[in-house]
Every structure is written in C-alpha cells, then in structure tokens.
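Participant: 3D, please:
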Amino acid sequence: MSLFLAICSWALSAIVVVLCIYTVRHYVFTVNRLFGRQRHPYVDVELARWPHITVCIAAHNEEMVVAHAIDALLAGDYPRDRMTIIPLDDRSTDRTAEILDNYSAFYPTLVRPIHRTDGKPGKAAALQDAMPHVRGEILIVFDADYLPGKSLLRQLVAPFFDPQVGAVMGRVVPLNVGTNLLTRMLDLERSAGYQVDQQARMNLRLVPQYGGTVGGVRVRALENCGGWRSDTLTEDTDLTYRLLLCGWETVYQNRSECYEEVPEQWPVRIRQITRWSDGHNQALRDYALSVLRDGFLNFWQRLDGFLLLGVYAVASMTLLGWVLTLILWYGGRSVAGFSAILLVASYNTMGNFASFFEVAAAARLDGYQGRVRLLPFLLLGYLVTLIAVLRGLLPGRRTRDGDGGRGVVWHKTLRYRPEEAVTGT
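Facilitator: Next up, the predicted model:
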C-alpha cells in the first residue's frame, strides 16, 4: 500500500508540473500577443503574378450552404482565369449534387464538381480522389459552410511566393454569434484560439497549425510528405505535423478571415469536440516522439509542437489529478494530500485564469470588451469539453480504421443557416 501511494504521489506531482507548463504557455502567448512584435509578413502583398490555384470545397449533404460558399468565391477578386473550383460531393443524398451541377452548367470551365459514390468515405479520402484533377501548384481547401471574404484567396496565396512555405492558415470567425449562449461562448473560444494562440505562435516562430477549413497547401509539399491520409479523423492536424517533420513552414494569416457556422446545440458541440479529441490524440500517438527527436527543429519548436499535440490530453490529466488527490487523502497521506489539493486547486484557479486571460485579451484586440462578461460561463464550456474528451476515450468510441471495425466516416456538423439561395445560379 505504501508503494502504491508513493507511485500516486509521484504521478500527481508529474501531472501538476505538466499542467503548470500549459498555464505558463497561456500567459506567454497572451503577453506576446498584447505587447510583442506582431508578424504579418505577407499580408500587404496586393500586386503579383498570381498563380493558378484549385479551390476544393468538401461537401456531404450540404444543400443549405454550399451555394453560398461558391457564390462568395465567385464574388472574390482572385482572377477567374487562374482559378478552378472543385466541389467534392461525397455520397450526398440531398440536393447537393443538383446544386453543384447547376453551377457547372453556368461556369463549365470554372466550377468542376466531383461526385463520389464509392470508395472510402470522409474528407481526406475525397481530397485524395481530387488530386488528379488539381490544376496549379496551390490547393485551397474550404468546408461547405464557410464564407470567404472578397480578398481571402489572394491573402492565402501570397505566402506561397516564399518557397519555404508549405501551408497557410487563415482565421475562422463565427457567423452565427448572436444565436444563443453557446454560440457566444464559442465565439470567445475561437477568438482566443486564433487571435491569441495562433498569432503568438506565428510571432514567436513556433508551430502554427494548418486548418483544413480555411487554408492552403503547396501541392509539391503535400506530395513530399505523403499526400492526404484517409485513415485519420483530423487530416489538418495530421498534415501540420507531416509538413513540420518534412521541413516545410506553416504560416498563419490573422487578417485573412473566413466565416463559419458554429454549433448551436450542446449535443452537436459535444460530438464535434469528441471527434477533434480523437483525431488530435491519434496525431499525438503518431508524431509525439518524432517531434521531440527531430534535429532540424529548435528546442522551442519541439516543445511547442509537443504541447500542441497534447492539448486534448489536459482535460483527462486534470481529472486523473483529482482522482489521485483523493486516493492520497483517504490513504492517510495528510501532508501530501493537503499539498496536492492545494496545488491542483491552485492550477484550477490560476490555470483557468490563464485561459480567461487569453479570451479577455482576444476580446480586447477584437474591440468587443463587453463580451468579457461572459467569461464565468466558460467554466460550463470547460466542463462540457471535459465530458466530451473523456467520452471519446470510452471503449467502443474509436473511429479509426481497424478500431471497432467502424472506419473513418463523415462527421458533419449540423447546419442552421436559413434555407435560401440553395438552387444555384
């Protein structure tokens, strides 16, 4: 029993150290974003010989939103003669295929949909099938519910004039912020994640994360690191690390905004977090040791890359810390138990405050100081995230190929946009 309690004590100490590292990480990013030198090296590129690009729009039963995405792309200022739009219709059973064919009839050389009826389902598999049809060196990827701004394509393409850049990520901004408490909370989270975390990593030359919803990738870089993997739940996180390990740079463009629908219902949000957690933890298993051992990355890049991989493990570590605290307390380790409770309680005070500090800083930078009043409600969001992450660890929840025989499937977030303009042009 004494040995067991000693192991629990050491384990708890290790957990507290890790949680404190993440707390310091929050503070460093926030202070840098508020007071450090901001890097936007490509945002002012306006005149250039723009390359031919291909824009892929992933769509599975997206009749409510896909027309809006195509209309926004057509209204943009990227030269039409240097752009090909490939909507990827993967087994849709609604009117998605009809809408895409309508656009193709009006713009036969510009809009070239691909209709998938067999093969492995999922966004990464659809992107794999699209690669033979990609024209040009730059591939831009959107989800069907995203609305790009007029100049977004130029802003995403500009960094690729730097030959070291393998991928570019823009900022995601919620479109349906004012719907209810959940959408307002998600707006705060998105703001902190992009306005503070992503931009700070860009400022500090660490590891900005490529996102498969508002981003671009160099075709040569994609081929260099093995192409799209269809056995992953989060193809963007997976690609981020393969590009990193192959020596390619990922750029974050904070001023390049694209607008999305965030979940308006808690069950939808929980499913979304569970999928992200599963995919992120899959990347943690696949790439953690490789990142730590990579000799071409400096110490801070290795550390940041490793910590980024572990973000969805923090919730389960916190819960484990509380369990170990109770074991030590009831095991008679009064001093150790008291110290452990104090340390874990301190983290949950200061650690959460560090996250709140990020959110408050992002609200200030965005000019929405009034939203800071919603900060106490983020405790609810933290608990929901904890439940969703732990739910993903339960037996029978695995969705990777070979786990439970389920394979990778489309995990489409429910859409809420009013049904209008869905017939195409």
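Participant: what about residue 170, which SS state?
Facilitator: For residue 170, the secondary-structure state derived from DSSP: H, G, I helix; E, B strand; the rest coil is strand.
Participant: Show the backbone phi and psi for the residue lying closest to it once chain neighbours are set aside.
Facilitator: Among residues not flanking residue 170 along the chain, residue 256 sits closest, at 3.7 Å (CB to CB, 6 or more residues apart in numbering). Yep, even glycine has a C-beta here, placed from its N, CA and C like the rest. The phi and psi values for residue 256, taken as degrees, to the nearest 10, are phi -100, psi 90.
Participant: so residue 256 sits right up against residue 155, yeah?
Facilitator: Yes: look at residue 256 against residue 155 with CB atoms under 8 Å: they come within range, at 3.9 Å.
Participant: rewinding a little: identify the residues contacting the residue nearest to residue 170.
Facilitator: With CB atoms under 8 Å, 6 or more residues apart in numbering as the criterion, the residues that contact residue 256 are 43, 149, 152, 155, 156, 170, 171, 214.
Participant: please redo it, this time with the cut-off set to 10 Å
Facilitator: Contact analysis of residue 256 by CB atoms under 10 Å, 6 or more residues apart in numbering lists 40, 42-43, 148-149, 151-156, 158-159, 168-171, 214-215.
Participant: Among those residues, name the ones in strands.
Facilitator: 148, 168, 169, 170, 171, 214, 215 (DSSP state E).
Participant: now the contacts of residue 256: which count as buried?
Facilitator: Buried members of the contacts of residue 256, scored by 16 or more other CB atoms under 10 Å, are 42, 148-149, 151-156, 158-159, 168-171, 214-215.
Participant: So what are the sheet partners of the host helix or strand of residue 58 and their directions?
Facilitator: With the criterion set as DSSP states H and E, the secondary-structure element containing residue 58 is strand 53-59. Using DSSP bridges, the strands paired with strand 53-59 are strand 83-90 (parallel), strand 138-143 (parallel).
Participant: out of those strands, deepest packed?
Facilitator: The highest average neighbour count among these, using mean count of other CB atoms under 10 Å, belongs to strand 138-143 at a mean of 25.
Participant: what's the spacing between it and its chain's center?
Facilitator: Per CA atoms, centre = their mean, to the nearest Å, the displacement of strand 138-143 from the mean C-alpha position of its chain is 14 Å.
Participant: Are we agreed that residue 263 is in a strand?
Facilitator: No: counting by three-state DSSP, residue 263 falls outside a strand, being coil.
Participant: residues near it, how many?
Facilitator: Residues lying near residue 263 (other CB atoms under 10 Å) number 21.
Participant: where exactly do the strands run in the stretch 201-350 of the chain?
Facilitator: With DSSP state E, counting those that start in this stretch as the definition, the stretch 201-350 of the chain shows strands at residue ranges 214-218, 249-260.
Participant: Okay, now the unreliable bits of the protein?
Facilitator: 333-353, 392-425 (pLDDT under 70).
Participant: quick one, domains of it?
Facilitator: For the chain, the structural domains run 2-35+309-392, 53-297, going by automatic domain parsing.
Participant: so which of those is the most packed in?
Facilitator: Ranked by mean neighbour count under mean count of other CB under 10 Å, these are led by domain 53-297, which reaches a mean of 20.
Participant: ok, residue 180 touching residue 187?
Facilitator: No: if you go by CB atoms under 10 Å, residue 180 and residue 187 don't touch, sitting 11.2 Å apart.
Participant: Could you point out the longest helix of the protein?
Facilitator: As assigned by DSSP state H, the longest helix anywhere in the chain is helix 2-35.
Participant: which helices and strands sit right next to that one?
Facilitator: The criterion is 3 or more CB pairs under 10 Å, 6 or more residues apart in numbering; DSSP states H and E, and the helices and strands that helix 2-35 contacts are helix 199-203, helix 299-309, helix 314-330, helix 334-346, helix 352-366.
Participant: cutoff 7 Å now
Facilitator: In terms of contacts (3 or more CB pairs under 7 Å, 6 or more residues apart in numbering; DSSP states H and E), helix 2-35 is packed against helix 199-203, helix 314-330, helix 334-346, helix 352-366.
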